[in-house]
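Q: starting from these lines, generate the structure:
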Amino acid sequence: MKKTLSALYAGSVMHLRLRPRRHRLNYSIFQLLLDLDEIDALDGSLRLFSRNRFNLFSFHDRDHGDRSGGSLRCHVERALGAAGIRPASGRIALLTMPRILGYVFNPLSVYFCYDRGGSLHAILYEVANTFGGRHDYAFQVARPCEDGWLEHGCDKRFFVSPFMDMDLGYAFRVRPPEEGFNLSIMVGDAEGPMLSTVQTAERRTLSDATLARVALAYPLMTLKVIAGIHWEAVRLWLKGVRLRPIPRNPKPRAAADGGVVQAVPEQ
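A: Purely as a prediction, here's the structure:
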């Protein structure tokens, strides 16, 4: 198969809640990095992967964006525009979990938007909750990140967990996907850090052989993701963490919060 920009990233996600009760979880996951312009070619060249139709692994356009099944590039460009960021002139790559045997729930998917020269131009985080809502957080990259980390932050504007207040802030540190991928999200309030999330992954070639191996190594992963969310919720409740009320409108339209991303040296 012809070499593609798309790839598979295998690794783990760790959550550490610091207060009001200490709580830690760690799950092994994998995601696909899909160049939006290559998905049809992947469908044609891979037996175990399809676009908008059933397979062991599949990608459905309606699982992202406004769920209309329309152009994801157009959706990303609208979200960037809403945040005051000019559209990406180059490729857009989406890091997300695929459907496995027809099922997926993605708490977080990330679009990496490049300019014509291949430099990272903007990052769009697509956050989903288990109540059917979705929200976009968009940030502009101030300059090429090279091999360094990127840092950016914003206020929380979207209800995700019934165990977390809305009056919180996010601090992101990310190393865009190359040979590896790293993402750290710190959630906090005026009293300090409350929750730390760290994702690490290594790049693998996206091929039928690789897909077959991860099918065995991560069986029914997407079902385990949603089951794990509810299981951890039960554990938190048993620890005495109180539930927060769900906002009256749990399905806000997708919106974007603009910011400027600065590159920082690797630490």
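Q: check for me that residue 44 belongs to a strand.
A: No - using DSSP: H, G, I helix; E, B strand; the rest coil, the secondary structure at residue 44 is helix, not a strand.
Q: would you map the helices across this structure?
A: Listed in chain order, the helices found in the chain under DSSP state H are 39-45, 72-82, 208-217, 221-238.
Q: nearest to residue 65, out of these?
A: Distances from residue 65 to each of these were compared using Cβ to Cβ; the shortest belongs to helix 72-82, at 3.6 Å. Bear in mind the C-beta positions are built from the backbone N, C-alpha and C, glycine included.
Q: buried stuff in the closest one?
A: In terms of neighbour count (16 or more other Cβ atoms under 10 Å), helix 72-82 has its buried residues at 72, 73, 75, 76, 77, 78, 79, 80.
Q: tabulate the helices of the chain in CSV, adding columns for mean pLDDT.
A: Formatted as CSV, the helices of the chain follow (pLDDT from 0 to 100):
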stretch, mean pLDDT
helix 39-45, 97
helix 72-82, 95
helix 208-217, 98
helix 221-238, 93
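Q: would a markdown table of the ones you listed with distance to residue 193 be doable?
A: Converted to a markdown table, these look like this (distance: least, Cβ to Cβ, whole Å):
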| stretch | distance to residue 193 |
| --- | --- |
| helix 39-45 | 38 |
| helix 72-82 | 28 |
| helix 208-217 | 32 |
| helix 221-238 | 17 |
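Q: so for residue 173, which of those helices sits nearest?
A: Shortest distance between residue 173 and those, using Cβ to Cβ, is found for helix 72-82: 21.1 Å.
Q: the closest one: how far from the chain's middle?
A: The gap between the average C-alpha position of helix 72-82 and the chain average comes to 16 Å, counting by Cα atoms, centre = their mean, to the nearest Å.
Q: go on, stretch 180-190?
A: With Cα atoms, centre = their mean, you get 12 Å for stretch 180-190.
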